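> got a predicted structure plus its sequence, pasted below:
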Amino acid sequence: MAAAMGTMPTIGMRLDAMIDQIDNLSSPQLYGIIVAATVGLCVVLLGTGSSNLDLQHNTTAKDNLLKKPAAVPKGRQPKWHIFKWINYLAVVAFLWSVCTFCLNASHYLHHESQGVLVQFLVGWSVFLLYFFGFFGVSFIHEDISNDETTASSRQPSSSKNATKQLHKAAPSAPVCSDPASFKVAASSHASTDIKELADEEIAELVLSNKVKDHELEKRLDPFRAVAVRRLAANRKLSTVLPDNKTNVLDKLPATPSLDYARVHGANCEIVVGYVPLPVGLVGPLTLNGETVYVPMATTEGCLVASTNRGAKAITQGGGAQARIIRDGITRAPCVRMGSAMEAADLKMWCEEPENFDMLKRAFESTTSFGKLLACHPTVAGKNVYLRLVCFSGDAMGMNMVSKGSLAVIELLQKEFSSLQLVALSGNMCTDKKAAATNWLQGRGKSVVVEAVISKEIVLTTLKTTVAALVHTNTHKNLIGSAMAGSLGGFNAHASNIVTAIFLATGQDPAQNVESSNCITLMEETEEGDLWISCTMPSIEVGTVGGGTSLEAQAACLEAIGCKGGGNTPGENSKKLATVVAAATMAGELSLLAALAANTLVQAHMTHNRKSNVTRTNICDESFK
C-alpha cells in the first residue's frame, strides 16, 4: 500500500507538470490564452448589469415587460445613453489593443525597451478597472431591485390567483398595511412599447404593478387607455364585491351613449343630449374593516389623485372607522294660525306624546318604509314651522317625507280649524341652503369618521410632518373659518369630494350645500402619530330612486357595493354615507398635506395647464 501511495502524483507534482506544459507554449499562444480568458471574464461580468443600460437586443417587447421592473432612484437621473456609447468605444479600444499585442507579441516581449510593454499593461489595467466598476454598479442595482420587489415577488404566478390576492381579508390585514407599500414603487417606464400587447395583457401588467394605471394615457392613446383601465378596475372590484362580479363597470359608459328612455319622465325634460363627465376611481380605501373603491365624477385636475393619496395613507395606517350617529331626512311645512296664541297652542299640542303618535300614524300611512321620528315646531308670530324628521330607508327620502307631511297637515287641519298651509317647505328643513339647523340638528345621515396614521406614513406618503399638519389645520380650518363666520365650513374642501361622489352615484348635486357641512380635526398622539377625524352632520344620500336608477350611476353604486335596497332598510344608504365621509377625510388629509408642504400651486399649475409637449406630471406622485 505504501508503495502504491508513493507512486501516486501529488498536487505539487501535477502543478509542476502543468507549468512545464505552459513553458512549451509560444509567446503568442500564451498571451492569446491570457487575453481571451480576461475578455471572456469581463464579458460575463458586464452581462450581469446590462439590463440597467438598456442592452436588450435579444429580448422581445413582451418578454421585457413581463420581467420585474428595475428600481429607478429618485431625483434627476444620469444620461445613461451616453454611457452606452462610451462602453462601446471602450470595448472596441480594448479589443484593438489586444489584437495589436497578439499580432506583434514576440517583438514587444523582446524589445530592448520595456516601456511599450508597460504601456500595454497600464492600458489594460485601466480598461479592467472600468469594466469592474460597472460590475460593482450592477451589484448595487440588483440589491435595490430585490428590496423594491420583495413584496410583489411573493404573489402567485398565475394571473387568476394573483388577482385574488390583490386584497387580503380587510378585518385582519387592511390593504396597503404591508410595510412594503410605504416604499416608492418601481418605475414602469420600460423602454419597449406596450402598444404591441393585447388589452388583456396590459391589464395584467397594471394589476401586477409593472405598468402604472395613471400612465396609460402616456403610453397608449386615451381611448385605449380607458378600455385597459376598465379591465383592470373590474378585476380589482371583483376581489372586494360579493359573488366575484367581473363586469361591474360595463354599464358605465366609456363612449358617447345614453339611454334616453330611462331619462324621460324621471330625470330630465326637453332633452337635447348629455354632458359627459370623466369618472375616476379612488382606492383601495379600508373603511370599517372592508376594502372599498370610490368613483368620483369631476373635471378638476388633481382631485382624484389627491384623494387617492389620502386614501392610501389612511389604509396604510390600518384604515378608517365611521359611524352613523343620526339618520333622518326632514321637511318643515309652514302653517299660519289665526293668532300667535293659537300658534303657541299648536306647538304644545304637537309636543304631547299621544298627539305625536297620531301624527306618526298619519304620516306612515303614506309610505311602506318611511317612519316619522320626530316633530320640532318653531313659532314665529302666527307662523308655525313643523320640522318633521323621517327615516327613509335606502331612499334619500325627499318625496317620501313630502308626501307624509301633507298627511300630517290634513290631520292638523281637523284639529285646528284656523290652520292654513302656506308652503309645504318653509325653509326650516333646510334643503339646498346653508343653515345652522342642519349643522346643529342634522339632516339625512350624520356621520363621524376617524383614523390614526403613523408619523412614518405621514412623512413617506404625505411628504410632510404631523406637527405641520396639525398646525395648518388649526390655523386654516378652525381659526380661519371662524374669522370668516363660516357655517359648517371648518374644512379644507369637503364639497369637492362630496360633489364628485354625488355626480358619480346619481345623488342630487345641489344637496352638496348641506351635505358638505364638515369639521376636520387633527391632533398629535402621545406616540407622535396623527389622529384625524371628520364630523359631517347632514349627508343626504340614497341608493334607490332619482338618479340612482340610471345605468352609469347604478354601476358606480355597485362598484362601492351599495346598489339598490339593502338586506335591511337603510343598510346601503348608510354605507354610502360612510364612504362619502371617509373619502372626504382622505381628500382633507391630502390637501392639508400639500398646503403644509407648500406644493399645492406647483401641482395644479402642472396638472391643469396642458401643453403639446410631453411632460412629467407632478400629480403622479399622488398615485405612488
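Alright, I've got the coordinates.

> show me the domain layout of the chain.
Domain assignment for the chain by automatic domain parsing gives 24-148, 194-275, 279-326+444-607, 333-423.

> please work out which of those is packed deepest.
The highest average neighbour count among the domains of the chain, using mean count of other CB atoms under 10 Å, belongs to domain 279-326+444-607 at a mean of 22. Where you see a C-beta, it was placed from the backbone N, CA and C, and this is true even at glycine.

> one step back: turn the domains of the chain into a markdown table, columns for distance to K432 and mean pLDDT.
Formatted as a markdown table, those follow (distance: least, CB to CB, whole Å; pLDDT from 0 to 100):
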| stretch | distance to K432 | mean pLDDT |
| --- | --- | --- |
| domain 24-148 | 47 | 59 |
| domain 194-275 | 17 | 84 |
| domain 279-326+444-607 | 5 | 95 |
| domain 333-423 | 10 | 97 |
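
> where do the helices sit along the stretch 351-500 of the chain?
For the stretch 351-500 of the chain, the helices defined by DSSP state H, counting those that start in this stretch occupy 353-364, 398-415, 436-441, 455-460, 466-473, 481-483, 494-505.

> N438: which of the domains of the chain is closest?
Among these, the nearest to N438 by CB to CB is domain 279-326+444-607 (4.3 Å).

> leaving out sequence neighbours, find the closest residue to I519.
Of all residues not flanking I519 in the chain, F490 sits nearest, at 4.0 Å (CB to CB, 6 or more residues apart in numbering).

> ok, that neighbour touching N477?
Yes. F490 sits in contact with N477 when judged by CB atoms under 8 Å, with a separation of 5.2 Å.

> overlap in contacts of those two?
Residues touching both F490 and N477 (CB atoms under 8 Å, 6 or more residues apart in numbering) are I519, T520.

> these two touch, right, A344 and P377?
No. In this structure, A344 is not within contact of P377 by CB under 8 Å, at 9.5 Å.

> roughly how far does K403 sit from R331?
Distance of K403 to R331, computed by CB to CB, to the nearest Å: 9 Å.

> quick check: phi and psi on the spatially closest residue to V240 that is not a sequence neighbour?
Leaving out its chain neighbours, the residue that sits closest to V240 by CB to CB, 6+ apart is T291, at 4.6 Å. Note on T291: backbone dihedrals following degrees, to the nearest 10 are phi -100, psi 130.

> could you do D193 as well?
D193 has phi and psi values of phi -100, psi 120 when expressed as degrees, to the nearest 10.

> before we move on, what about A322?
Backbone geometry at A322, expressed as degrees, to the nearest 10, gives phi -140, psi 150.

> cool, and E526?
The phi and psi values for E526, taken as degrees, to the nearest 10, are phi -60, psi -30.

> residues contacting it?
E526 touches nothing, counting by CB under 8 Å, 6+ apart.

> how much space between it and V466?
In this view, E526 and V466 are 12 Å apart by CB to CB.

> okay if I get the domains of the chain as TSV plus distance to A436?
TSV is the format used below for those (distance: least, CB to CB, whole Å):
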stretch	distance to A436
domain 24-148	49
domain 194-275	32
domain 279-326+444-607	6
domain 333-423	12
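
> for T430, which of those is the nearest?
Per CB to CB, nearest to T430 of the domains of the chain: domain 279-326+444-607, 6.9 Å.

> centre of the chain to that closest one, how far?
Relative to its chain's centre, domain 279-326+444-607 lies at 12 Å (CA atoms, centre = their mean, to the nearest Å).

> hang on, the earlier thing: and the domains of the chain: which comes nearest T437?
Using CB to CB, these put domain 333-423 closest to T437, at 7.4 Å.

> circling back: how about the residue nearest to I519, what does it touch?
Counting by CB under 8 Å, 6+ apart, F490 makes contact with N477, L478, S481, A482, C518, I519, T520.

> redo that, cut-off 7 Å
Each residue near F490 by CB atoms under 7 Å, 6 or more residues apart in numbering is listed here: N477, L478, S481, I519, T520.

> relative to V448, how far out is the residue nearest to the third one when sequence neighbours are not counted?
Ranked by CB to CB, 6+ apart and with sequence neighbours excluded, the top spatial neighbour of S481 is F490, at 4.6 Å. F490 sits 14 Å away from V448 when distances are taken as CB to CB.

> how far does the helix or strand containing W85 sit from the chain's center?
Element membership for W85 (DSSP states H and E) is helix 80-103. Chain-centre distance of helix 80-103: 48 Å, with CA atoms, centre = their mean.
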